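> Everything below, folded, please.
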Amino acid sequence: MRILSAVRLLACLAPLVALWLGAGGVAHAADTPGAAQRKGSGLPIPRFASLRSDEVNVRTGPGARYPIEWVFKRKTMPVEIVAEYENWRKIRDWQGASGWVHQSLLTGKRTFIIPSKQAALLKTPASSAELVAKLDPEVMGEIRSCAGDWCRVKVGGVSGWIERTGMWGVYKSEPIN
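Numbering: from 1, shown residues only. Coordinates of the predicted model:
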């Protein structure tokens with residue numbers, strides 16, 4: 001009787017075993033519910049974004065259950081997205097501090113910050129161009145476009161060109177249109 005029960009059990013399990021072996025014996029993450037969300041946006045990492053709000057909670061991990069480590073208080077400040085988990089983005093600021101924020105608190109709008117020393121805002125993209133303004137450290141603005149070593153930017157109501165090396169918020173050879 002015991003042998004007969006074992007045979008029936010094996011007969012019942014055979015289709016499941018075949019299915020498991022047909023899948024290579026491995027459960028794939030894409031086959032589980034919600035797997036697409038866990039993958040993140042599919043956009044390249046790292047990449048730059050900016051803060052959507054003037055109050056952004058930065059958490060120790062990717063979820064509301066993680067404690068708030070600090071709060072950003074500068075709307076439009078550029079941040080670098082260095083990791084993703086579901087709807088959460090791990091960001092790094094221009095000073096190197098990192099933490100997790102919800103994706104709804106970020107925007108794809110490209111901005112920059114002057115990191116450490118004064119930068120020249122010039123009329124045209126050339127070192128010899130007419131000076132429009134001098135931008136102090138921690139001044140932020142909007143990136144309009146970038147080509148070569150220069151980016152066209154707007155700070156307040158003033159537009160001009162800044163060398164990429166004088167600002168934080170754009171990669172060395174990244175074109176922006």
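> So what's the residue count around Gly96?
7 (other CB atoms under 10 Å). For the C-beta atoms, the positions are set from N, CA and C on the backbone; glycine is no exception.
> Give me the helix or strand of this protein that scores worst on average pLDDT.
Within the chain, judged by mean pLDDT, DSSP states H and E, the helix or strand with the poorest mean is helix 2-22; its value is a mean of 38.
> Buried by neighbour count: which residues of the helix or strand Trp161 falls within qualify?
Secondary structure assigned from DSSP states H and E places Trp161 in strand 158-163. The neighbour-count criterion (16 or more other CB atoms under 10 Å) identifies 160-162 as the buried residues of strand 158-163.
> Show me the contact partners of it.
112, 119-125, 127, 129, 132-133, 135, 144, 149-153 (CB atoms under 8 Å, 6 or more residues apart in numbering).
> For PyMOL, write a command that selects the buried ones of those.
Buried subset of these, written as a PyMOL selection, criterion 16+ other CB under 10 Å:
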select buried, resi 112+119+120+121+122+125+132+135+150+151+152+153
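> Out of the contacts of strand 158-163, list just those in strands.
When DSSP state E defines the strands, the subset of the contacts of strand 158-163 inside them is 112, 119-122, 132-133, 135, 144, 150-153.
> what about stretch 169-177, how long is it end to end?
Using CA to CA, to the nearest Å, the end-to-end distance of stretch 169-177 comes to 15 Å.
> separation between the residue nearest to Ile68 when sequence neighbours are not counted and Ser98?
Closest residue to Ile68 apart from its sequence neighbours, by CB to CB, 6 or more residues apart in numbering: Asn57 at 4.7 Å. Asn57 is 14 Å from Ser98, where distance means CB to CB, to the nearest Å.
> ok, the two, which is more surrounded?
It is Asn57, of Asn57 and Ser98, that has more neighbours when counted by other CB under 10 Å, with 18 against 14.
> Pretty sure that one sits against Pro67.
No - Asn57 is beyond contact range of Pro67, at 9.7 Å (criterion: CB atoms under 8 Å).
> just the buried residues of strand 158-163 now: which is nearest Ser50?
Comparing the buried residues of strand 158-163 against Ser50 with CB to CB picks out Ile162 as the nearest, at 16.6 Å.
> Domains in the protein, by residue range?
Residue ranges for the domains of the chain, per automatic domain parsing: 2-31, 35-109, 112-166.
> For those domains, which has the smallest mean pLDDT value?
Set side by side, those show their lowest mean pLDDT on domain 2-31, which sits at a mean of 36.
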